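Enquirer: How does the following fold in three dimensions:
(chains A and B)
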Amino acid sequence: MGVTENLIYYWLGISGITSRRANALLSNYSPLELWEKIGNELTNVSAFGDKAYDALLRYRSEEFLTKSIEKLDNMGISFITYEKFPELLSQREVDPPMLLYYKGDISLIRSNCVGVVGTRECTAYGKEATNRLVTDLCKYNVTIVSGLATGIDTYAHRATLKAGGKTIAVLGSGLNCIAPQSNVGLSEEIINAGGLILTEYLPRTEATRFTFPERNRIISGLSIGVIVVEAGLKSGALITADYACEQNRTLFAVPGNITSTRSVGTNRLLYDGAVPALTAEDVCETLNLSYRKIEKNTRSIQLDIFEQKIYNILLSGEQNFDSLVFAAEMAPQKLTALLSLLELKGIVKRKQSNVFCLA
Amino acid sequence: MLAKVKSFGLTGLIGYEVDVEVDVHSGLPGIEMVGLPDTAIRESRERVRSAIKNSAYKFAPNKITINLAPADIKKEGPLYDLPIALAVLAATQQLDVVKLQGTVFVGELSLDGTIRRVRGILPIILSAKKAGYKRIVIPYENRNETVYVGGVEVFAFKSLSETVRHLSGEAVAEPVPKADPKTLTAQAEYAEDMKYVKGQYAAKRALEIAAAGGHNILMLGPPGGGKTMLAKCLPSILPEMTLDEALETTKIHSVAGCLGTDDCLITHRPFRSPHHTASRIALAGGGPSARPGEISIAHNGVLFMDELPEYPRVVLEILRQPLEDRQITVSRAQRTVSYPANFMFVASMNPCPCGNYGSSRGECTCTPAMIEKYHSKISGPLLDRIDLQIEVENVTYDELTCSEEAEDSASVKERVDFARKIQTERYKGTQVYCNAGMNSRMLNEYCALDSDAQSLLKDAFSRLDLSARAYTRVLKVARTIADLAGEKNISAEHIAEAVQYRSLDRGYWK
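Expert: All right, here's what the predicted structure looks like:
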């Protein structure tokens, strides 16, 4: 019995050959040809890269590879190889890796994935926008893909977990070197909640400034659409946006204030033709996801005259507490209590700085 | 010949008797001092010698032995100059020893014989009175501290010679007149008043609740929002000090040496705002002589800590115990002293290092990690002791310039007084004096909720992201809100208001 395709891809994956070179070789040779011809017919070192060529020769033994897989197993890490990738990920434009290491539920890569990315230095607005979009997307059974970085990524993962949805974290490091350290806990929560963390890097690879941009192609590669929530002019999220365009994914951007430095990048994307991400419904509709429109809670909630008054005031937009006192002509203590009640009824939402708006 | 004079020393706020014994005998001229004196007392021999000479008395060129009994307590400070000088005069027959008996003397001498002001006169007088003394001689500049202490004759003199003339009967002085304690109330006037605070209705209401229930409060907001001004208004809406409270606070101020010459009694509730560079000792009290710290000086008043996360964590953590026990015990190698520290804790902080997170006025330049780090500087246990957490947003220009005057402190204070009266009645005979101090038994007894309120609270916890530690805080605050409304039972409305004062618990900071 000959060597399996699966093993050959594994062999290619651990050799450290760049995915670009591997994909180029695979367009000319079948995996089995590569396995058999390397070293004799195929001696073109530059097609593999120096180090990778050596490694490939060294690792070219079924026994060695099987042992290596056993070791992975012992670490509790599973892997999936190129031939089992979903169609989206194995597209040529994605420049797919030969091998992905993962922990968690691998079937998620075949679900409807949407990438949610953004700057690490996000603002309160970015956080709120992420929470809002992600929470609603989860209602439509969308899997949220992000990069486990701080800022928007973290909020996207957390919001998914809170909404009871499924999320995939694509790492820029090995599974045993999760960066940033502060998100190790989050990665465990993701796995425990039936999510998935995956990476193309060997388990002990440390994250570098090159690995993060590289993994962005997998975030967009897995997704049918990518939402950029907040991005400054130099944000890494814009790299993901570039990948998304190259890979023909639908690119969404959340509009922001033109005065905010953290929204310059996203607003620029919108100017260049990205789709504005306004609500989860819009996103799903644009992506042609069959979604069941969730009925707004039309069951009329009984409001007394005071509550109605506040509701009417807030219809024109958010207000801070002081202006509400003026507009409603109510004693502060009464207003505070009323706002609590309205909040509990799910009509009003309190934001930072004593600002209230309709939920 | 031997002469004995009574004086007093202080350990913390408690005075103890000191016998100043002087023996003049033949031998080589010189002064020997025994009885564990500190440097200030050791130096007093020079002051005493010059003061006696410059007051036109004779300083005998003999061997003089001075003993401060009891000999096993370390004595400190210059307050024994006067008794030593008088004892020397008596021992050299320039003054009749009998005239010195039954009187307590304290005071520092200057070289020309004038008596200077000393620290801690009020606690000394109160202790002397308790020990059964009827007469006490103090420095003239300290006389105001004594006017509210009845039952003891206080003589205040400007110089050594004046004292001697009085004692020898040449020029008898009158004791310092007493003031009527009833004049105490209605004296307090505060520079800051609620009526000058424009807008900020939510914050003002929260301050009113804090004052009414003695709750600690944390204000969160961008710089320039008026947090400090609001805090400064707080003393003006707190109930008047009682005579006991005033005496207690004055005692601490007297020992700490922060009493002005014209102050007779601290009738304003103290407002202390130590800078964030303050050390642990400065805050808690200590040093070799275990002096009171800021938290004790703020006794019966307000301790305001501006920019809370800027304080080193070790400094913040020392607040935990006094916030619970309402007093602090300072232990040093030489002595262990307890100072009362019953203060309202008021703190303010920015939402993030740059101050603009979540604000509508400016863009925040902080990363989420920075914000998290900033918030984590305040430990959970400290937050647990803060009942009210509110957000203070900048006021708009229109609000600032609006001519309409806000409610003044006096009318807020009326409501506060009303709520406090209910609480005094409720906690009669216990150590607790206001809602903030309720223990779990009282919480069960006085914060029973009807089913409406109960279900609302349950709802609030699940929907508003409140953390578990908020539970008792909300109950206590709701109790105070009910008291302000004059209602016996906590209703759903009170709970609904109380849950809004837990800003930091709400999810949006995490």
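
Enquirer: For the rest of this, base every contact and every neighbour count on C-alpha atoms.
Expert: Noted.

Enquirer: hang on, A:Phe356 in a helix?
Expert: No: assignment of A:Phe356 by DSSP: H, G, I helix; E, B strand; the rest coil gives strand, placing it outside any helix.

Enquirer: Skipping adjacent residues, who's closest to it in space?
Expert: A:Arg350 (4.6 Å; Cα to Cα, 6 or more residues apart in numbering or on different chains).

Enquirer: helices or strands next to whichever strand or helix holds the one you found in the packing?
Expert: When secondary structure is defined by DSSP states H and E, A:Arg350 falls within strand A:348-351. Contacts defined by 3 or more Cα pairs under 8 Å, 6 or more residues apart in numbering or on different chains; DSSP states H and E place strand A:348-351 against helix A:332-344, strand A:355-358.

Enquirer: okay, now residue 246: neighbour count?
Expert: This is for chain A. Counted with other Cα atoms under 10 Å in any protein chain shown, the neighbours of A:Glu246 add up to 14.

Enquirer: look at chain B instead
Expert: When counting by other Cα under 10 Å, one arrives at 19 neighbours for B:Ala246.

Enquirer: and after whichever strand or helix holds it, which helix or strand comes next?
Expert: Assigned by DSSP H and E, B:Ala246 belongs to helix B:243-256. Heading C-terminal from helix B:243-256, the first helix or strand you meet, by DSSP H and E, is strand B:271-272.

Enquirer: measure A:Asp272 to chain B for me?
Expert: 25 Å (Cα to the nearest Cα, to the nearest Å).

Enquirer: Need the pLDDT of that residue.
Expert: The model reports A:Asp272 with a pLDDT of 94.

Enquirer: Just to check, B:Cys233 is in contact with B:Tyr196?
Expert: No: in this structure, B:Cys233 is not within contact of B:Tyr196 by Cα atoms under 8 Å, at 9.3 Å.

Enquirer: can you pull the buried residues of stretch A:146-166?
Expert: A:146-161, A:163, A:165-166 (16 or more other Cα atoms under 10 Å in any protein chain shown).

Enquirer: Just those residues: which are in helices?
Expert: A:Ile152, A:Asp153, A:Thr154, A:Tyr155, A:Ala156, A:His157, A:Arg158, A:Ala159, A:Thr160, A:Leu161, A:Ala163 (DSSP state H).

Enquirer: can you put those in JSON lines and add pLDDT and distance to chain B?
Expert: Shown next, in JSON lines, are those (pLDDT from 0 to 100; distance: Cα to the nearest Cα, whole Å):
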{"residue": "A:Ile152", "pLDDT": "94", "distance to chain B": "9"}
{"residue": "A:Asp153", "pLDDT": "95", "distance to chain B": "11"}
{"residue": "A:Thr154", "pLDDT": "94", "distance to chain B": "10"}
{"residue": "A:Tyr155", "pLDDT": "94", "distance to chain B": "10"}
{"residue": "A:Ala156", "pLDDT": "96", "distance to chain B": "13"}
{"residue": "A:His157", "pLDDT": "96", "distance to chain B": "14"}
{"residue": "A:Arg158", "pLDDT": "94", "distance to chain B": "11"}
{"residue": "A:Ala159", "pLDDT": "94", "distance to chain B": "12"}
{"residue": "A:Thr160", "pLDDT": "95", "distance to chain B": "15"}
{"residue": "A:Leu161", "pLDDT": "94", "distance to chain B": "15"}
{"residue": "A:Ala163", "pLDDT": "91", "distance to chain B": "13"}
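
Enquirer: Show me which of those residues is closest to A:Ile197.
Expert: For these, the closest approach to A:Ile197 (Cα to Cα) belongs to A:His157, at 11.1 Å.

Enquirer: still on that earlier bit, higher neighbour count, B:Cys233 and B:Tyr196?
Expert: B:Cys233 (22 against 16).

Enquirer: Up against chain A, what does chain B have?
Expert: B:199-202, B:205, B:221, B:357-359, B:363-369, B:391-393, B:459-460, B:463-464, B:493-500, B:508 (Cα under 8 Å from any Cα of the partner chain).
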